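1. The sequence isn't on hand, but the structure is:
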């Protein structure tokens, strides 16, 4: 850590320098709450990204300067002197370290010789080469930055192959994804050169109303011409999206969400695709992590609930069945799905506070050892070397992991099918009960109507006096006399 740049700050993002096996960078941000930011009156505090080299663990090799805190950044995988970053105020920045190449070299020589005044001079500072305008940027802090590889993205989301990596994407809690070229382009209306996104899309929450407040992005096979990507949200969403505009898209910006899952509780802080199974993604949020398969709404695996918050996760770059889950307690759990899936096989303590970010060296085939960079809540950057048992795959491990994923997928489909069958049974039972209740209600209504008619008939009967009774008795006797003489026919009721 650096007493000048990272004291009192927490690590928010870490990345390795692709061209140098011994260099990596970390950005640290102010750990202020909303109330503390309000008290500060919205004053902008300068931010920075510190680039470290293993030859000097005390002082950073150079510093990338920014007008405000840098929440996310990434080295260009092909040109490590180009770095893209996302700022706390929603703007995007690009640094080009070729401008300070000579200063970096002179500083390293001066530090290696250790001459007089070597420690008094600070590391070289690289200022932004390009800084986006607020009107063309995000309106909330940028949460993720991803380089797209050797492709270009034009208006409408058309993906084309390119000779170099010159496009990157950014996202934010404002629910938008912006696609940026590294160079200025001419505005067709004003005819002026400007730096603006070439394409824009938004993300919604699927069947739930509202904007998906994005945290993390991961793209799927852009080299093959696909335009699909994964995204996670603040309210537990894991979304599968497509940024290519369709013919029926009429809204601007277009809605990229195609399938949104709601199986996490709270923010999903981490998302990463497997390097061995590109259609499988790892999501980490609150007390659990899950594995999702492309095209499936339900997770194919859900880890048991942890007793502490989970911070971030990553797949092993060399072992298909291993994932690493960092926790707020400062520990990292190692899960080996080829061995067991109910608990981690190993837990390692890294620090005493929350772990904010982890990142493996991106090219493990170039190094015999496997390194893992870990940034914590105290602004300290740790570099861990993994043992041989965690970096070397066992015989048939990929096939075992593939079998595990297939079994979990079949299990989810079986459970889903049973749920659908149970839902059909419940609907049939509810219809039957409704019909029985309707029949019972109709019968009760008929009985009440019959009782009402009987009561009405009873109450409508005339009250006879003694004289009326005598007349009635005389009429009966007269009729009986006529019947006896054969002058009248008896009533059937009388025969009964």
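-> Received, thanks. Remember, predicted model here, so these are calculated numbers, not experimental data. Residues are numbered from 1 along each chain as shown.

2. Quick one: the strands in the stretch 1-150 of the chain, in order.
-> If DSSP state E, counting those that start in this stretch is used as the criterion, the strands of the stretch 1-150 of the chain fall at 10-16, 23-29, 47-53, 62-66, 70-75, 82-87, 92-96, 125-126, 130-131, 142-147.

3. residues making contact with the fifth one?
-> Strand 70-75 is contacted from outside by 12-13, 15-18, 25, 27, 29, 47-49, 64, 82-88, 93, 141-147, 168, 170, using Cβ atoms under 8 Å, 6 or more residues apart in numbering. C-betas here are computed from N, CA, C, even on glycine.

4. returning to that earlier point: need the strands of the stretch 1-150 of the chain in JSON lines (columns: mean neighbour count and mean pLDDT).
-> Listed next are these as JSON lines, based on neighbours: other Cβ atoms under 10 Å; pLDDT from 0 to 100:
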{"stretch": "strand 10-16", "mean neighbour count": "23", "mean pLDDT": "94"}
{"stretch": "strand 23-29", "mean neighbour count": "26", "mean pLDDT": "93"}
{"stretch": "strand 47-53", "mean neighbour count": "24", "mean pLDDT": "93"}
{"stretch": "strand 62-66", "mean neighbour count": "22", "mean pLDDT": "95"}
{"stretch": "strand 70-75", "mean neighbour count": "24", "mean pLDDT": "96"}
{"stretch": "strand 82-87", "mean neighbour count": "25", "mean pLDDT": "96"}
{"stretch": "strand 92-96", "mean neighbour count": "23", "mean pLDDT": "97"}
{"stretch": "strand 125-126", "mean neighbour count": "18", "mean pLDDT": "94"}
{"stretch": "strand 130-131", "mean neighbour count": "16", "mean pLDDT": "95"}
{"stretch": "strand 142-147", "mean neighbour count": "23", "mean pLDDT": "96"}
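
5. Just put those strands in TSV and tack on distance to residue 293.
-> As requested, the strands of the stretch 1-150 of the chain are exported to TSV (distance: least, Cβ to Cβ, whole Å):
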stretch	distance to residue 293
strand 10-16	27
strand 23-29	32
strand 47-53	35
strand 62-66	37
strand 70-75	26
strand 82-87	29
strand 92-96	32
strand 125-126	41
strand 130-131	38
strand 142-147	21
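
6. Select, out of those strands, the one closest to residue 410.
-> Residue 410 lies closest, by Cβ to Cβ, to one member of these: strand 142-147, at 32.1 Å.

7. Now for the nearest residue to residue 309 once chain neighbours are set aside, how many residues are close by?
-> The shortest distance from residue 309 to any residue that is not its chain neighbour, by Cβ to Cβ, 6 or more residues apart in numbering, is 4.0 Å, and that residue is residue 328. Using other Cβ atoms under 10 Å, the number of residues around residue 328 comes to 15.

8. Contacts only, for the residue nearest to residue 90 when sequence neighbours are not counted.
-> Here the nearest residue to residue 90 in space, its sequence neighbours aside, is residue 138; by Cβ to Cβ, 6+ apart that works out to 3.6 Å. Shown in contact with residue 138 (Cβ under 8 Å, 6+ apart): 86, 90, 91, 92, 170, 171, 172, 174, 176, 178.

9. let's see 10 Å
-> Residues in contact with residue 138, defined by Cβ atoms under 10 Å, 6 or more residues apart in numbering, are 86-87, 89-92, 132, 170-178, 214.

10. Please report how far it lies from residue 199.
-> Applying Cβ to Cβ, to the nearest Å, one obtains 14 Å for the distance of residue 138 from residue 199.

11. host element of residue 297?
-> Secondary structure here is read from DSSP states H and E; on that basis residue 297 sits in neither a helix nor a strand.

12. pretty sure it contacts residue 261?
-> Yes. With contact defined as Cβ atoms under 10 Å, residue 297 counts as touching residue 261 (5.2 Å).

13. Those two: which is more packed in?
-> residue 261 (20 against 16).

14. The more buried one should be in a helix, yeah?
-> No. Counting by DSSP: H, G, I helix; E, B strand; the rest coil, one finds residue 261 to be strand, located in no helix.
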